[in-house]
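**Q** following is a predicted model, sequence given first.
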Amino acid sequence: MASPVAHSLAGLSILALCFPRHIRSLTALATALFAACLPDLDLLIPGIAHRTVMHSVTFSLVLPTILFVWLKLNNNRQYLVITCLCFCGIISHIIIDWLSMDLSEPAGLIIGWPWNMDSQISDKPLFLNLHRNQFFEPAIIAHNTRALLRESIIMLPATLLILFYRRSYFSRV
Ligand SMILES: [Zn+2]
């Protein structure tokens with residue numbers, strides 16, 4: 001799986017690309033970053049296997065729908081922005097994880113949960129896997145550093161390009 005670095009940069013890119021006028025909104029920024037990393041909270045939730053329920057298209061549709069209804073009922077003016085950021089953030093997370101190397105068995109994500117329980121993963125991973133065990137072993141540190149560098153090299157130029165491209169909107173806020 002990719003790290004929060006790749007996911008956060010994707011969230012920031014989505015915010016800048018889709019809602020440049022909200023880039024200075026703390027709520028929008030927090031939502032974009034949180035939603036892009038949200039599926040990996042399944043590592044902390046007992047009873048939910050990693051890369052299953054919270055890495056599915058169903059989750060990406062159900063959670064934003066609930067959020068939309070709740071925000072609308074509470075007359076939140078940013079209900080559309082927050083809902084879209086939530087949906088796009090979760091989808092970006094699924095895509096990045098799908099493009100990540102996975103050495104676990106079975107490898108991949110249950111994107112089609114609960115209708116299709118097959119694990120899915122790209123044949124040509126773009127991102128390296130992160131080791132979460134033996135975190136302080138020199139070989140693990142070297143591998144995780146390589147993985148983070150690779151994510152940054154791939155994601156950072158794209159994010160900076162989007163921010164640069166959208167900069168005229170930021171100054172109008
Ligand atoms: Zn994930």
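**A** All right, it came through fine.
**Q** who are the contact partners of the residue nearest to Thr83 when sequence neighbours are not counted?
**A** Once flanking residues are discounted, Thr83 sits nearest to Phe68: 4.3 Å by CB to CB, 6 or more residues apart in numbering. For the C-beta atoms, the positions are set from N, CA and C on the backbone; glycine is no exception. Listed by CB atoms under 8 Å, 6 or more residues apart in numbering, the contact partners of Phe68 are 79-80, 83.
**Q** what's the answer for Met101, then?
**A** 125, 127-129.
**Q** is the ion contacted by stretch 98-106?
**A** No - shown here: stretch 98-106 not in contact with the ion (CB under 5 Å from the ion), separated by at least 8.1 Å.
**Q** in that stretch, what's buried?
**A** 98-102 (16 or more other CB atoms under 10 Å).
**Q** do the same with stretch 58-66
**A** Applying 16+ other CB under 10 Å to stretch 58-66 flags 59-60, 63-64 as buried.
**Q** next step: the residues you listed restricted to strands.
**A** For those, not one is inside strands, with DSSP state E as the criterion.
**Q** select, from those residues, the two members most distant in space.
**A** Greatest spatial distance among these (CB to CB): Phe59 and Pro64, at 9.4 Å.
**Q** okay, and the common contacts of those two?
**A** Ile90.
**Q** and this protein, which of its residues are near the ion?
**A** Taking CB under 5 Å from the ion as the criterion, the chain approaches the ion at residues 1, 39-40, 97.
**Q** now stretch 22-37: mean pLDDT?
**A** Regarding stretch 22-37, the rounded mean pLDDT is 95.
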